[in-house]
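**Q** Sequence plus the predicted model coming up.
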Amino acid sequence: MSEQQIRIAILANAGGVGKTTLAVHLAYELAKHKVSVGLIDLDPQRALDVFCGLPPASYEQSVVSVLAKDYKGAWPFISVWDNDKIEVCQGHPAMSQLADELVIRRRGEYALSDKLKSIPTGHDVLILDCPATLGKICENAVAASSHILVPIQLEMKSISGVADLVQWLLGTAEELQLDPAPPILGLVPSLYDKSRSIHRQYLEQLPEVAQQLQIELYPEIRDSAEFKNSSALGIPLQKHRPKHKAAQDFKDLAKDVIALSGRA
Amino acid sequence: MPKKLPTLASRFDRAVSATGEAREIAALQAEIDQLRKSQSPELEKQLATLRGQLEAQSGEHDIEVSSIDYNPAQPRRTISVSSIQTLARTLEKDGQITPIILIPQGDRYLLWDGQRRWEAAKFLEWRTIRAVIAPMPEDLHRKALLTFIHHEDLNPLDKAEAIVKEVASSSDIEEQSIPVLLSTVLRRLERQEQAQHLNGLVDKPFEKQQKVISQLGIHDNEEKLLLAFLELVLHPPSVRSNLMPMLSLPADLKQAIRDRGLKGAHALALSGLSAKNLKVTDRVATKERLEATEKVLEEELTVAKTREIVREIKSKFTKPKPSQSKAVKTTVQKLNKLNDTSLKEASREDLLKLKTALENKLSEIESILS
């Protein structure tokens, strides 16, 4: 129904909880349903390159150059996994310096949002893979996004991070006067290992917390060694082992995003 | 039994209350916007006309910022510090475009319109601000103003009732059936994954709302109902979750809201202490609820804290399910592993030891079970 681009910022406020895994597999799931997806790597650690089997990009071919003040060209998107529905705009370590520069730049928090307005990318859905630390880059992601997606590993570090993240988001949306503020599309329990008691206990408690926060809770994504194997090969699990159980775990989420994009 | 882990809920207390506050502010803001739009188009128009007339007649004046007094009957929205700072930046860069409106009061002035500009001017430490002076505003829009003030004091229960009444008269649906109808249609839309189409519809023009609603494939009276809420600039799902539950609160909580200023969110939390939840009679549940309500009011507890005591009371009444004992489970598994062959191969001495151990345990178990 809406022709507005859906822009999903993946935020976690903790490292190693499955942000990039979520970004990559959601993107692939969407592409399977003929939804065109742009993945943008805002993380200076550029983990997305590994997951996509891409050699590191030069500064000029990365998102960092696009966000430079006077950049006027096109987005350096390249298609991956022989799939013309998925394109990636690679990250670059220089993103860290850019983050410092954005602090003093006029409309520094809106650099990404402004750029997406002046140079639209044309994808149905954009997925923004964000760094683990909440700072200028994440503020840019929030200002540019229509929705936020939050992977949550069922361990205290990640859980505390999410509690802080929720408050940070409210404050940021108000300070940046985002109207409407991008809602949290949902919490996605990640790296779930049912043989661990802590994971089981916290998974059981999560619905109540989600309900109090009035945030949707998605089915958990199980941990599997195959995620590591497929990322080593630079392809998503759905392509590496299409029948694997964990490859099915992204379906509900993808369905909602497809509905949002109006391409159902 | 593994050591008990800290619960998740307490981790999220602050996030939950921040979310609650944000939601409350958004709801108030929406309500004020709605009142401004629906109940006082005259007010806006009159302010514009007035501003024009005044500029033409008496022109604009530079008035000392310090000689202006805050209007206690200020009907405008709550103003956040950040919005004042933003406006201050604009004022500094572009200058003041629209004059504020003041009413003379002796040798000082009462602020009539332009609170944000005034606050921003104070923030910038301006000495003067451009203003037009209004002579006699009282008769202009007293009525609209009264509505504003009246509404800001409205508690969520009165609000819910007022809204239902209004919706009933505009949609021609019976008052009693509105909450049920609303929750039925929303649940069905959620099941059909259509509910997201309602998002952001609140501030769209009426034609757009009508178009979207008509494409949902719902019954005529359901369409009418949703449109009636949207017309009041109310988001139907948030009406369902924030206001409708007020109507079904038990009488004691309703009274506490009306007479003692109990907040809506607190009342909802306390309503968890029902006979059904506690598995007790109505009388016992009411007594627990009254006591808890008293505590909440007296100690001015936060919503999070209120939820916590509700949880505590609930756990007092509902016995926790005895957890599965891992030790017992593994022992049973091991016992089953002792098959014919392994027993036959064991020495007589070992078998006797096992027999004694089993007999001892058996008598212990029997004494616990009986």
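**A** Sure thing, it's come through. Numbers count the residues shown, from 1 in each chain, chains lettered A, B, ... in the order given.

**Q** Going by C-alpha atoms from here, please, whenever you check contacts or count neighbours.
**A** Noted.

**Q** Just give the number of residues close to the residue in the stretch 151-300 of chain B positioned nearest to chain A.
**A** Going by Cα to the nearest Cα, chain A is nearest to B:Gln196 of the stretch 151-300 of chain B, at 7.4 Å. Applying other Cα atoms under 10 Å in any protein chain shown, we find 13 residues neighbouring B:Gln196.

**Q** Hmm, it is touching A:Leu260, no?
**A** Yes: in this structure B:Gln196 lies within contact range of A:Leu260 using Cα atoms under 8 Å: 7.4 Å.

**Q** where does A:Leu170 sit relative to chain B, distance-wise?
**A** Going from A:Leu170 to chain B by Cα to the nearest Cα, to the nearest Å gives 7 Å.

**Q** Report the contact partners of the residue of the stretch 151-300 of chain B closest to chain A.
**A** Contacts for B:Gln196 (Cα atoms under 8 Å, 6 or more residues apart in numbering or on different chains) come out as A:260, B:190.

**Q** in chain A, which spans are helices?
**A** All helices of chain A, identified by DSSP state H, fall at A:19-32, A:47-52, A:63-66, A:95-104, A:111-118, A:136-144, A:156-175, A:197-212, A:225-233, A:237-240, A:251-261.

**Q** For these, could you give me TSV that also reports mean pLDDT and mean neighbour count?
**A** TSV is the format used below for those (pLDDT from 0 to 100; neighbours: other Cα atoms under 10 Å in any protein chain shown):
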stretch	mean pLDDT	mean neighbour count
helix A:19-32	94	23
helix A:47-52	92	21
helix A:63-66	94	24
helix A:95-104	89	16
helix A:111-118	91	18
helix A:136-144	94	25
helix A:156-175	88	18
helix A:197-212	87	16
helix A:225-233	90	16
helix A:237-240	90	19
helix A:251-261	90	18
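
**Q** Could you export these to JSON lines, including columns for distance to B:Trp112?
**A** Shown next, in JSON lines, are those (distance: least, Cα to Cα, whole Å):
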{"stretch": "helix A:19-32", "distance to B:Trp112": "51"}
{"stretch": "helix A:47-52", "distance to B:Trp112": "56"}
{"stretch": "helix A:63-66", "distance to B:Trp112": "48"}
{"stretch": "helix A:95-104", "distance to B:Trp112": "38"}
{"stretch": "helix A:111-118", "distance to B:Trp112": "37"}
{"stretch": "helix A:136-144", "distance to B:Trp112": "35"}
{"stretch": "helix A:156-175", "distance to B:Trp112": "27"}
{"stretch": "helix A:197-212", "distance to B:Trp112": "40"}
{"stretch": "helix A:225-233", "distance to B:Trp112": "63"}
{"stretch": "helix A:237-240", "distance to B:Trp112": "63"}
{"stretch": "helix A:251-261", "distance to B:Trp112": "44"}
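
**Q** near chain A, which residues of the stretch 101-250 of chain B show up?
**A** B:193, B:196 (Cα under 8 Å from any Cα of the partner chain).

**Q** And the helices in the stretch 101-250 of chain B?
**A** Remark: helices assigned in the stretch 101-250 of chain B by DSSP state H, counting those that start in this stretch are B:115-123, B:138-152, B:156-171, B:178-191, B:206-214, B:220-231, B:236-238, B:244-247.

**Q** Check what pLDDT B:Ala159 gets.
**A** No Ala there; residue B:159 is Lys. B:Lys159 is assigned a predicted lDDT (pLDDT) of 74.

**Q** Can you report how many residues lie near it?
**A** B:Lys159, neighbours per other Cα under 10 Å, totals 17.

**Q** The nearest residue to it once chain neighbours are set aside: what's it in contact with?
**A** Distances taken as Cα to Cα, 6 or more residues apart in numbering or on different chains place B:Leu243 nearest to B:Lys159, at 7.6 Å, with adjacent residues excluded. By Cα under 8 Å, 6+ apart, B:Leu243 lies in contact with B:156-157, B:159-160.

**Q** Drop anything exposed from those.
**A** Among the contacts of B:Leu243, the ones that count as buried by 16 or more other Cα atoms under 10 Å in any protein chain shown are B:156-157, B:159-160.

**Q** quick revisit: figure out which of the helices of the stretch 101-250 of chain B is closest to B:Gln255.
**A** Nearest of the helices of the stretch 101-250 of chain B to B:Gln255, taken as Cα to Cα: helix B:156-171 at 9.9 Å.

**Q** helices or strands up against that closest one?
**A** helix B:220-231, helix B:244-247, helix B:251-260 (3 or more Cα pairs under 8 Å, 6 or more residues apart in numbering or on different chains; DSSP states H and E).

**Q** Which stretch among those helices is buried most, on average?
**A** Ranked by mean neighbour count under mean count of other Cα atoms under 10 Å in any protein chain shown, these are led by helix B:244-247, which reaches a mean of 21.

**Q** quick one: contacts of stretch B:284-293?
**A** With Cα under 8 Å, 6+ apart, stretch B:284-293 has contacts from B:252-253, B:256, B:270-271, B:273-275, B:278, B:309-310.

**Q** likewise stretch B:115-130?
**A** With Cα under 8 Å, 6+ apart as the test, stretch B:115-130 has contacts from B:60-66, B:79, B:84-85, B:87-88, B:91-92, B:96, B:99-100.

**Q** So for it, first residue to last residue, what's the gap.
**A** 13 Å (Cα to Cα, to the nearest Å).

**Q** Please state the mean pLDDT value computed over that stretch.
**A** Rounded mean pLDDT across stretch B:115-130 is 89.

**Q** buried ones in it?
**A** Going by 16+ other Cα under 10 Å, stretch B:115-130 has these buried residues: B:115-122, B:128-130.

**Q** any idea how far it is from the chain center?
**A** Remark: stretch B:115-130 is offset 33 Å from the chain centroid, using Cα atoms, centre = their mean, to the nearest Å.

**Q** related to what we said a few turns ago, quick one: buried ones out of the contacts of stretch B:284-293?
**A** Among these, the ones that count as buried by 16+ other Cα under 10 Å are B:253, B:256, B:270-271, B:273-275, B:278, B:309-310.

**Q** among those, which two are most distant?
**A** The most distant members of the buried ones among the contacts of stretch B:284-293, if one measures by Cα to Cα, are B:Ala256 and B:Leu278, lying 21.0 Å apart.

**Q** hmm, back to that, Serialize the helices of the stretch 101-250 of chain B to TSV and add fields for distance to A:Ala181.
**A** Below are the helices of the stretch 101-250 of chain B laid out as TSV (distance: least, Cα to Cα, whole Å):
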stretch	distance to A:Ala181
helix B:115-123	22
helix B:138-152	24
helix B:156-171	24
helix B:178-191	22
helix B:206-214	21
helix B:220-231	20
helix B:236-238	16
helix B:244-247	25
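
**Q** Figure out which of those is closest to B:Glu298.
**A** helix B:156-171 (20.3 Å).

**Q** what's in contact with the closest one?
**A** With Cα under 8 Å, 6+ apart, helix B:156-171 has contacts from B:173-175, B:178, B:221, B:224-225, B:228-229, B:243-244, B:246-247, B:254, B:257-258, B:263-264.

**Q** returning to that earlier point: of the helices and strands packed on helix B:156-171, which is nearest A:Glu29?
**A** Of all the helices and strands packed on helix B:156-171, helix B:220-231 comes closest under Cα to Cα, at 33.8 Å.

**Q** can I get the CA coordinates of the closest one in PDB?
**A** Output of helix B:220-231 as PDB, limited to C-alpha atoms (Å, rounded to 0.1, in the frame of the first residue of the first chain):
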ATOM      1  CA  ASP B 220     -19.700  -1.400   8.000                       C
ATOM      2  CA  ASN B 221     -20.100  -0.700  11.700                       C
ATOM      3  CA  GLU B 222     -16.500  -1.600  12.300                       C
ATOM      4  CA  GLU B 223     -15.500   0.800   9.600                       C
ATOM      5  CA  LYS B 224     -17.600   3.500  11.200                       C
ATOM      6  CA  LEU B 225     -16.100   2.800  14.600                       C
ATOM      7  CA  LEU B 226     -12.500   3.100  13.400                       C
ATOM      8  CA  LEU B 227     -13.200   6.200  11.500                       C
ATOM      9  CA  ALA B 228     -14.900   7.800  14.500                       C
ATOM     10  CA  PHE B 229     -11.800   7.300  16.600                       C
ATOM     11  CA  LEU B 230      -9.600   8.600  13.800                       C
ATOM     12  CA  GLU B 231     -11.800  11.600  13.500                       C
END
